[in-house]
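Trainee: Sequence and predicted structure are below.
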Amino acid sequence: MSLRVNQDGKFFDRFVASAIPVAISLTIAGSVW
């Protein structure tokens, strides 16, 4: 059980790490346009 939670946590961290730069880029692009 704990192992599964740990894996989900890692996946969530990777998702956040990937989503934040994309969101910032879209925000900057939206400001430029």
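Mentor: Ah, there it is. Model, not experiment: these values are computed from the prediction. Residues are numbered from 1 along each chain as shown.
Trainee: which residues in the chain form helices?
Mentor: 2-32 (DSSP state H).
Trainee: can you list the weak-confidence ranges in this protein?
Mentor: For the chain, the stretches with pLDDT under 70 are 1-6, 9.
Trainee: Need the residue closest to the centroid of it.
Mentor: Of all residues in the chain, the one closest to the mean position by CA atoms, centre = their mean is residue 16, 1.9 Å from it.
Trainee: Can you give me the distance of that residue to residue 26?
Mentor: Separation of residue 16 from residue 26 (CB to CB, to the nearest Å) stands at 15 Å. Heads up, the C-betas are built off the backbone N, CA and C, glycines and all.
Trainee: now swap in residue 8 and tell me
Mentor: Using CB to CB, residue 8 is found at 26 Å from residue 26.
Trainee: cool, and residue 7?
Mentor: In this view, residue 7 and residue 26 are 28 Å apart by CB to CB.
Trainee: what do you get for residue 12?
Mentor: For residue 12, the distance to residue 26 - CB to CB - is 20 Å.
Trainee: Residue 10 too?
Mentor: For residue 10, the distance to residue 26 (CB to CB) stands at 25 Å.
Trainee: Over to residue 17?
Mentor: The gap separating residue 17 from residue 26 is 16 Å, by CB to CB.
Trainee: Residue 18 now?
Mentor: For residue 18, the distance to residue 26 (CB to CB) stands at 13 Å.
Trainee: burial count for residue 17?
Mentor: 9 (other CB atoms under 10 Å).
Trainee: For it, give me its contacts.
Mentor: Residues in contact with residue 17 (CB atoms under 8 Å, 6 or more residues apart in numbering): none are found.
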